[in-house]
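fold the following for me, if possible:
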Amino acid sequence: MQYTLIDAGVNLTNHQFDGQHQEVLARAKDAGVNRMLIIGCDITSSEESLALAAHYNQYATAGIHPHDAKTATPELEQQLTQFAQNEHVIAIGECGLDYNRDFSPRDIQRAVLRRQLALAEKLNLPVYLHERDASEDMLTILKEFTVRGVLHCFTGNAQALSGYLSLGLYIGITGWVCDERRGEELQQLIPSIPIERLLIETDSPFLIPRIVKPKPKPKSRRNEPALLHYVCDTLAQLYDIPASEVAKHTRENFNRLFGLEKK
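So this is what the prediction gives:
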């Protein structure tokens, strides 16, 4: 493998990585993943993501996931603004809508999403977006604001993809695209994503690519940044270009979206 990658989404605060952060990052570096975006999903994990990013010289987001929208307090904007003052925090999120699991009531999800979009607009920061089975409401709300960002772990249909692209969003692709069963529709949509709008991510420890070899044991199906090259290689096949070109474009896209060109 002769290319370097940026993992645009890692849940490094997940308990599956407890006590193993240094080893995980070392394996990632050996696999060509030099930089990563560590995701905050609530106030606690946002604080922990920032601490990890600062310690390992990586990047972090700060926000409230739709699953956790019901935990948002009136102090949310103040808390996220404080996190955003740190140079390692480069986006607001993970925020969005999830009508698949509905862990938080939908009206609360929508309200908390609007609060975070308004804050991102105020702070001139990108947003890191999550959406499941809610593209219609998501697009309607996004049109109320002037924000830039990435629709992370995209698994939607052609109509949703067109809507997100029309708003100028970047599209994050995970190991879902490596699944010959549930990823078939996504595989067909990949050529419709301009490569200038593409980001790649593991969403570790979730969504381990099914094409990983050797196959991990059932009890160790934990994804991690070192496996990002499987996503890159699959996308290269779908775009019919070298994997090094996918790596190059996604690095440049990451730096452009998050304003890191000069860093």
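
what is the subsequent helix or strand relative to the strand of greatest length in the chain?
In the chain, assigned by DSSP state E, the strand with the most residues is strand 89-98. Moving toward the C-terminus from strand 89-98, the next helix or strand (DSSP states H and E) is helix 106-123.

and the average pLDDT for that next one is what?
Averaged across helix 106-123, pLDDT comes to 98.

just the C-alphas of it, formatted as CSV.
The C-alpha trace of helix 106-123 is given here as CSV (Å, rounded to 0.1, in the frame of the first residue of the first chain):
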residue,chain,number,x,y,z
ARG,A,106,-38.5,13.1,16.9
ASP,A,107,-39.6,16.6,17.9
ILE,A,108,-36.7,16.8,20.3
GLN,A,109,-34.3,15.5,17.7
ARG,A,110,-35.4,18.2,15.3
ALA,A,111,-35.1,21.0,17.9
VAL,A,112,-31.6,19.9,19.0
LEU,A,113,-30.5,19.6,15.4
ARG,A,114,-31.7,23.2,14.7
ARG,A,115,-29.8,24.4,17.8
GLN,A,116,-26.6,22.9,16.7
LEU,A,117,-26.9,24.1,13.1
ALA,A,118,-27.6,27.6,14.3
LEU,A,119,-24.5,27.4,16.5
ALA,A,120,-22.3,26.0,13.7
GLU,A,121,-23.6,28.9,11.5
LYS,A,122,-22.7,31.4,14.2
LEU,A,123,-19.3,29.9,14.8
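
am I right that K213 falls within a strand?
No. K213 sits outside any strand when classified using DSSP: H, G, I helix; E, B strand; the rest coil, being coil.

how close does it sit to N86?
39 Å (C-beta to C-beta, to the nearest Å). Glycine gets a C-beta too; all of them are placed from N, C-alpha and C.

can you check R27 too?
The value you get for R27 to N86, if C-beta to C-beta is used, is 26 Å.

F145 too?
23 Å.

and the strands in the stretch 1-150 of the chain?
5-10, 33-38, 59-62, 89-98, 127-132, 149-151 (DSSP state E, counting those that start in this stretch).

relative to C232, which of the ones you listed is closest?
Taking C-beta to C-beta, strand 5-10 is the member of the strands of the stretch 1-150 of the chain nearest to C232, at 6.1 Å.

name the helices or strands packed onto that closest one?
Contact partners of strand 5-10 among helices and strands, from 3 or more C-beta pairs under 8 Å, 6 or more residues apart in numbering; DSSP states H and E: strand 33-38, strand 198-200, helix 228-239, helix 243-257.
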